[in-house]
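Visitor: Dropping the sequence and predicted coords here.
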Amino acid sequence: MQSLRHILPTLLLASALLLGWQLYCMMSGVSALVLPAPTEVLRALFVERARIVPHALSTIWVASLGFSMSVLFAFAASVALHFSPWFQRGLMPLLVASQTIPLVALAPLMILWFGFGLLPKVLLVILVTFFPILISLLSGYGQVPQAYLDLLTSMRAGRLRIFRRATLPMARASFFAGLRISATYAIVATIFAEYAGARQGLGIYILTAKNSFRADLVLAAVVVSACLTLLLLGALRGIERLTEPGHRRARHAER
């Protein structure tokens, strides 16, 4: 019941927007080639479901693989930078500068260098999602109260033990915040890589629909893309809940 109260404003606002969109298409006489009504988009999604599903599965597979590898690389890099402040000061400006490279230039280069297979798409997802996760982890590492550090130091705890006992748990909230931000980029980066060059995926499906002047199919693919992003965010939320310290203690007490 509490969850329903949380999502009710969103459902009402989304319903109002869809209703306004539907009424505008019905009353303005705008061509379906320019702006199809929501009902037309849903109809296209239902009719094309057999074609869209394989493309959607390909996209979610690439996005999940690239995102998972990005998390591993970002965590390893955050630990290395945390234990080497000099290296962090030297590398961070380069990482920030890398975020200024536009996807429209990066995606074709990836296709040119690595072909039309899985590798360029996964690399692009890693490049897009790596930085927010890394920054969130480094920010979380700096949130440990000095009193905790002083206490552990007085107990002769080494840097690694302090990291495990205080620094890493304190960064948990920031880490999941960075994951949620990066997850919203993962699907978009995958579709953009597919759009630049791929054999299968929502990106190539959107490109084909656009070339056929089928705005309803383009919007149907956009709806699927949004659903995949929400699915990924929901999975992250579930993992966050399962790994909460209070949740783990409750499960242990039940046993």
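Guide: Received, thanks. Numbers count the residues shown, from 1 in each chain.

Visitor: Every contact and neighbour count from this point should use C-alpha atoms.
Guide: OK.

Visitor: longest single helix anywhere in this structure?
Guide: For the chain, the longest helix by residue count, based on DSSP state H, is helix 49-83.

Visitor: for the helix or strand following that one, which positions count as buried?
Guide: Taking DSSP states H and E as the definition, the helix or strand that follows helix 49-83 towards the C-terminus is helix 85-98. Of the residues in helix 85-98, those scored as buried under the neighbour-count criterion (16 or more other Cα atoms under 10 Å) are Q88.

Visitor: What is the helix or strand following helix 85-98 packed up against?
Guide: Toward the C-terminal end, the helix or strand that comes next after helix 85-98 (DSSP H and E) is helix 103-114. Counting contacts by 3 or more Cα pairs under 8 Å, 6 or more residues apart in numbering; DSSP states H and E, helix 103-114 is packed against helix 118-141, helix 172-196.

Visitor: ok and the last one relative to helix 103-114, angle-wise?
Guide: The one in question is helix 172-196. Here helix 172-196 runs at an angle of 70 degrees relative to helix 103-114 (axes from the mean of the first three to the mean of the last three Cα atoms, to 10 degrees).

Visitor: now what about the helix or strand just after helix 172-196, what contacts it?
Guide: Using DSSP H and E, the next helix or strand after helix 172-196 towards the C-terminus is helix 202-211. Outside helix 202-211, the residues that touch it by Cα atoms under 8 Å, 6 or more residues apart in numbering are 52, 55-56, 58-59, 190-198, 215, 217-218, 221, 225.

Visitor: Apply 7 Å and report the result again.
Guide: For helix 202-211, the surrounding residues in contact (Cα atoms under 7 Å, 6 or more residues apart in numbering) are 55-56, 59, 191-192, 194-195, 198, 217-218, 221.

Visitor: Neighbour-wise, which one of these leads?
Guide: Within the contacts of helix 202-211, most neighbours by other Cα atoms under 10 Å means E194, with 30 neighbours.

Visitor: Surely it touches I187?
Guide: No. The pair formed by E194 and I187 falls short of the contact definition of Cα atoms under 7 Å, at 10.6 Å.

Visitor: Next, the distance between the ends of stretch 157-167.
Guide: Distances were taken as Cα to Cα, to the nearest Å; on that basis the terminal residues of stretch 157-167 are 13 Å apart.

Visitor: Quick check: the two most widely separated of the contacts of helix 202-211?
Guide: The most widely separated members of these are A198 and L217, with 18.3 Å between them, by Cα to Cα.

Visitor: When you compare pLDDT across the contacts of helix 202-211, which one is lowest?
Guide: Checked by pLDDT, the contacts of helix 202-211 have A198 as the lowest-scoring entry (73).

Visitor: check contacts around that residue.
Guide: For A198, counting by Cα under 7 Å, 6+ apart, the contacting residues are 116, 204.

Visitor: In stretch 56-67, which residues are buried?
Guide: When burial is assessed from 16+ other Cα under 10 Å, stretch 56-67 yields the following buried residues: 56, 58-67.
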